[in-house]
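A.B. asks: Provided below are the primary sequence and the corresponding predicted coordinates.
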Amino acid sequence: MKLAGLFLLMAGLWAAPALAAPLAAEALACPPAGEAACMLDAAWTAALLLPEEKRERVKPLFAPLVLKLTAATDRARWHQRIGDTPVDMPEADYVQHTAETAIREYGWDTFIQRARDSAAPLHMGRPEIMAAAIDLAPDGRQRAQLIELMFTLAGPSKPGRTSGFSDDDFERADFGHVLAERMMRDCRLGEFDRATALTNAPGALRYKLWRARITGGAGALAPDIRAGDGTEDSRHVRQALEGYSPILTLGYCAK
């Protein structure tokens, strides 16, 4: 029995490194060199935790990002994973069209007033339409004023709660989301944090990755991505891809 126990102990010691290796790999951050391929691999690891049907549904989300990879070996590996999954063609941007049409029809100043009043066409989708108008501002000063107006209109939660939500909480969160995306693209960290505080989930993976575009080091989030969120919902994978996509397409903000 003693000899058998010794053999079992030795076998356990021999197997321990092999068993620990995958766990260690899962916990590793993605290094700057080859970060893009590593981060997409991390998202795919999370996708493998999903039921097959849902994994098939997220494959088209990987396709346009895989095209950004430059190494032939990376591209070949992804072809084995997603095959010839087509890249979804962007649909007509209704929000952008609405903003352009309203500014052309009313002029900039009246557009701003209608935004304040939540008047048509800004009575629905006001945060998104105002966000689309940012790049249409006549100059930098008025662009900055529009952004500040969006923060003001978002404002703090107001009285009048229904089932735990204020009447304006949903629009407030929408303002926070579109402002966070804009501030991420503009590389403005303070305003980005101000915007995410307006959202319903400031600590969401998407916002962590967007913030990392400004601060650097998105690879540190790879273990969180690989781990999934413990559900069979594809939201985690979608947020990982939506969050890392700007880094892959625009690069990191200059320091």
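C.D. replies: The structure has been received and is ready for your questions. Residues are numbered from 1 along each chain as shown.
A.B. asks: What segments of the stretch 151-255 of the chain are helices?
C.D. replies: Taking DSSP state H, counting those that start in this stretch as the test, the helices found in the stretch 151-255 of the chain are 169-186, 189-196, 205-215, 222-227, 235-250.
A.B. asks: Need the mean per-residue confidence for the third one.
C.D. replies: By that I understand helix 205-215. For helix 205-215, mean pLDDT is 99.
A.B. asks: Over to stretch 72-92?
C.D. replies: Stretch 72-92 comes out with an average pLDDT of 90.
A.B. asks: Now do the buried residues in that stretch.
C.D. replies: 74, 77-78, 81-82, 85 (16 or more other C-beta atoms under 10 Å). (Each C-beta comes from the backbone N, C-alpha and C, glycine too.)
A.B. asks: Just the CA atoms of that stretch, as PDB, please.
C.D. replies: Taking Å, rounded to 0.1, in the frame of the first residue of the first chain, the C-alpha atoms of stretch 72-92 are listed here in PDB:
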ATOM      1  CA  ALA A  72      -1.000  35.000 -42.600                       C
ATOM      2  CA  THR A  73      -0.900  32.400 -39.800                       C
ATOM      3  CA  ASP A  74      -3.500  34.300 -37.800                       C
ATOM      4  CA  ARG A  75      -5.800  34.600 -40.800                       C
ATOM      5  CA  ALA A  76      -5.400  30.900 -41.600                       C
ATOM      6  CA  ARG A  77      -6.300  29.900 -38.000                       C
ATOM      7  CA  TRP A  78      -9.400  32.100 -38.100                       C
ATOM      8  CA  HIS A  79     -10.500  30.600 -41.500                       C
ATOM      9  CA  GLN A  80     -10.500  27.200 -39.700                       C
ATOM     10  CA  ARG A  81     -12.800  28.700 -37.000                       C
ATOM     11  CA  ILE A  82     -15.300  30.700 -39.000                       C
ATOM     12  CA  GLY A  83     -14.700  29.600 -42.600                       C
ATOM     13  CA  ASP A  84     -16.100  31.900 -45.200                       C
ATOM     14  CA  THR A  85     -18.500  33.700 -42.900                       C
ATOM     15  CA  PRO A  86     -19.500  36.800 -44.800                       C
ATOM     16  CA  VAL A  87     -18.900  40.300 -43.400                       C
ATOM     17  CA  ASP A  88     -22.200  42.000 -42.800                       C
ATOM     18  CA  MET A  89     -22.700  45.100 -44.900                       C
ATOM     19  CA  PRO A  90     -23.500  48.200 -43.000                       C
ATOM     20  CA  GLU A  91     -27.100  49.300 -43.200                       C
ATOM     21  CA  ALA A  92     -28.200  52.800 -44.100                       C
END
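A.B. asks: Residue ranges in the stretch 151-255 of the chain under the pLDDT threshold?
C.D. replies: 157-167 (pLDDT under 70).
A.B. asks: From R188, how far out is R126?
C.D. replies: Here R126 is placed at a distance of 22 Å from R188 (C-beta to C-beta, to the nearest Å).
A.B. asks: Repeat that for L50.
C.D. replies: Counting by C-beta to C-beta - L50 and R188 are separated by 35 Å.
A.B. asks: Pick out whichever of those two has more residues nearby.
C.D. replies: L50 (19 against 16; other C-beta atoms under 10 Å).
A.B. asks: So that one: helix, strand or coil?
C.D. replies: Here L50 is coil, with the state taken from DSSP: H, G, I helix; E, B strand; the rest coil.
A.B. asks: And V87, by the same measure?
C.D. replies: Relying on three-state DSSP, one would call V87 coil.
A.B. asks: Where do the strands of this structure begin and end?
C.D. replies: Ranges of strands within the chain are 161-162, 165-166, based on DSSP state E.
A.B. asks: ok so, going back, can you add distance to A43 and mean neighbour count and give the helices of the stretch 151-255 of the chain back as a markdown table?
C.D. replies: Formatted as a markdown table, the helices of the stretch 151-255 of the chain follow (distance: least, C-beta to C-beta, whole Å; neighbours: other C-beta atoms under 10 Å):
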| stretch | distance to A43 | mean neighbour count |
| --- | --- | --- |
| helix 169-186 | 18 | 20 |
| helix 189-196 | 21 | 18 |
| helix 205-215 | 10 | 21 |
| helix 222-227 | 6 | 20 |
| helix 235-250 | 4 | 20 |
